[in-house]
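# my questions concern the predicted model and sequence given below.
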Amino acid sequence: MIKSMTGFGRAEGIIKDKGYLVELRSLNGKLFDVNLKIPQAIKPYEFEIRNLVQEGLVRGSVECFITVKQNGSARPVAINTDLVKSYVSQMKGLAEEINVDDSGLLAAILRLPDVVAPSTEVADEDEWQFLKGLIGEAITDVNKHREDEGKVLLKELKTRILNIQNLEKQVAALEPERKKKIKANLMKMVRENVDEENYDPNRLEQEMVYYIEKIDIREEQVRLRNHCEYFIQILEDKEEANGKKLAFLLQEIGREINTTGSKAYDLEIQKCVVMMKDELEKAKEQTFNVL
């Protein structure tokens with residue numbers, strides 16, 4: 001089973017006349033990285049929130065938004081009374097000096113910076129336990145999205161690897177004829193450039209066998225088949241697949257394809273190699289998003 005690293009989750013609820021909203025967005029990333037945007041009231045729980053999100057989502061670039069709204073009663077605020085008194089004293093004196101009406105003085109002062117500030121009240125243990133539950137619901141929602149996208153990724157990756165396997169079968173079918181062509185071309189070059197009495201046929205045969213063995217691609221094809229079979233086995237495994245493991249396997253598949261191409265010296269096999277590389281690149285693009 002594979003999961004995508006992309007997903008969205010949302011959960012909300014009310015406790016003690018406070019409405020909590022948790023939103024999680026996850027995108028692909030090599031490691032785990034979380035960007036937290038939380039209100040001051042739950043800042044003391046920031047470390048625990050990071051741990052909860054990491055344990056639940058494992059890997060990816062994650063954004064976590066938590067908002068708190070006061071419901072059913074006025075939002076608690078703190079008024080800096082000392083600052084208000086200072087402003088009143090100074091402004092009343094100024095109003096008398098310039099002879100202006102000071103009836104709206106208090107309303108004006110309350111709008112000045114630092115006079116009225118949100119309460120520094122911190123969420124209590126009951127609220128924190130409630131919030132933990134919401135975070136868990138949002139994580140579950142994200143993972144459901146990830147599983148749904150994972151099904152699409154599974155189908156796409158399996159198609160790409162099956163295409164590579166089919167192309168490998170074509171290469172295997174072309175291999176016997178390739179060897180015959182190489183041997184025939186070598187013999188032709190020898191006949192055209194060297195007089196028959198000037199070379200030892202037995203030595204020539206030995207050199208040709210050595211050369212053909214050097215450009216033999218059977219080992220590469222065996223390893224390519226094994227890597228592809230293992231890749232599909234991981235995709236179909238019930239346990240959660242590891243995107244890093246799949247990426248490593250694709251590197252090994254690419255190595256065998258490249259070596260086959262460099263040894264081939266055959267137009268039809270080279271065409272198959274080019275198509276295999278195209279399928280491989282498409283698989284790599286999809287693997288970047290596997291959890």
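All right, it came through fine. Numbering: from 1, shown residues only.
# for the stretch 51-200 of the chain, give me the ranges with low pLDDT.
Residue ranges of the stretch 51-200 of the chain with pLDDT under 70: 71-78, 114-120, 185-200.
# show me where it has strands.
For the stretch 51-200 of the chain, the strands defined by DSSP state E, counting those that start in this stretch occupy 60-70, 77-79, 116-118.
# tabulate those (TSV), appending distance to residue 179 and mean neighbour count.
For the C-beta atoms, the positions are set from N, CA and C on the backbone; glycine is no exception. TSV is the format used below for the strands of the stretch 51-200 of the chain (distance: least, CB to CB, whole Å; neighbours: other CB atoms under 10 Å):
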stretch	distance to residue 179	mean neighbour count
strand 60-70	49	18
strand 77-79	86	11
strand 116-118	81	13
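# which residues touch residue 264?
With contacts defined as CB atoms under 8 Å, 6 or more residues apart in numbering, the neighbours of residue 264 are 178, 215, 217, 270, 273.
# what about the nearest residue to residue 61 once chain neighbours are set aside, helix or strand, and which?
Once flanking residues are discounted, residue 61 sits nearest to residue 29: 3.7 Å by CB to CB, 6 or more residues apart in numbering. Here residue 29 is covered by no helix or strand, with elements defined by DSSP states H and E.
# residue 29: neighbour count?
Using other CB atoms under 10 Å, residue 29 is surrounded by 14 other residues.
# got the contact list for it?
Contacts of residue 29 by CB under 8 Å, 6+ apart are 5, 59, 60, 61.
# list the contacts of the third one.
Read that as residue 60. 5, 6, 26, 27, 28, 29, 32, 33, 291.
# same question for the first one.
Each residue near residue 5 by CB under 8 Å, 6+ apart is listed here: 26, 27, 28, 29, 59, 60, 146, 243, 289, 290, 291.
# can you pull the pLDDT of it?
Turning to residue 5, the model gives it a pLDDT of 91.
# separation between it and residue 58?
According to CB to CB, to the nearest Å, residue 5 stands 9 Å off from residue 58.
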